[in-house]
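**Student:** Build the 3D model from these lines:
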Amino acid sequence: MSVMRDRDAAKNTQPGGGNSTFSETTMGGKELVRQSLPPRAEEARTLGRILLVEDDASLARLEAGILAARGYAVAIANSGEMAITTLHQTIPDLVLLDLDLSGAITGWDVLRDLRSYSSAPVLLTSSESAVRRQIRTQGEPRSTLDHLPKPYPMQALLKRIERMLAITP
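**Tutor:** Alright, predicted model coming up:
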């Protein structure tokens, strides 16, 4: 995995802050993913900047394509490690986070790390039924932390993202 960043961009903990460009080779070096988030949604003329954290490459490409077609700037991180690296460089307007990530760093680990320095909205996705109860114990409002159970229709995903971004300052 290689990470490149704008040397002049100061780390900003607010959603939409910072600037990040990254590339990653997936397992076995079979696929190269290159994504970048523009500095701010208003400058890029997008509806918002979304970091999509999903280890299922097919689902990530599908969701990223749908979100980009709707006007969102989307970057993909296909592991917990990549998500943490990216989030330390820039805070998107929303993080779409799969809790069931394979590897040493889970979605819960990514969320804990992010919450240590930012309150950016996070939409958790998981096939686990107990997630909604777990996030209620976090004490966060649904405006900054919500759950969408897998599998979900794309319309439900889009509506949830629109709702969460509409209430983001």
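
**Student:** In a strand, V95, correct?
**Tutor:** Yes: when DSSP: H, G, I helix; E, B strand; the rest coil is applied, V95 is found to be in a strand.

**Student:** Contacts only, for it.
**Tutor:** With contact set as CB atoms under 8 Å, 6 or more residues apart in numbering, V95 has these partners: I50, L51, V53, A83, L87, V110, L114, A120, P121, V122, L123. Every residue, glycine included, has its C-beta placed from N, CA and C.

**Student:** one more time with 7 Å, if that's ok
**Tutor:** L51, V53, L114, A120, V122 (CB atoms under 7 Å, 6 or more residues apart in numbering).

**Student:** Can you verify my assumption that G107 contacts L97?
**Tutor:** Yes: under the criterion of CB atoms under 7 Å, G107 lies in contact with L97, with a separation of 5.1 Å.

**Student:** residues near the residue nearest to L99 when sequence neighbours are not counted, how many?
**Tutor:** Take L99 and drop its neighbours on the chain: the residue closest to it by CB to CB, 6 or more residues apart in numbering is G107, 3.5 Å away. Counted with other CB atoms under 10 Å, residues neighbouring G107 total 23.

**Student:** Number of residues surrounding the nearest residue to T106 once chain neighbours are set aside?
**Tutor:** Closest residue in space to T106, ignoring its immediate chain neighbours: G80 at 6.0 Å, by CB to CB, 6+ apart. By the measure other CB under 10 Å, the count of residues near G80 is 24.

**Student:** can you check L148 too?
**Tutor:** When counting by other CB under 10 Å, one arrives at 19 neighbours for L148.

**Student:** now do the one 3 residues further on
**Tutor:** The burial metric for P151, expressed as a neighbour count using other CB under 10 Å, is 9.

**Student:** before we move on, what SS does it have?
**Tutor:** Following three-state DSSP, the label given to P151 is coil.

**Student:** Backbone torsions only: list them for it.
**Tutor:** With angles defined as degrees, to the nearest 10, P151 sits at phi -80, psi 150.

**Student:** Now it. Nearest residue, chain neighbours left out?
**Tutor:** Nearest residue to P151 in three dimensions, chain neighbours excluded: S127, at 7.6 Å (CB to CB, 6+ apart).
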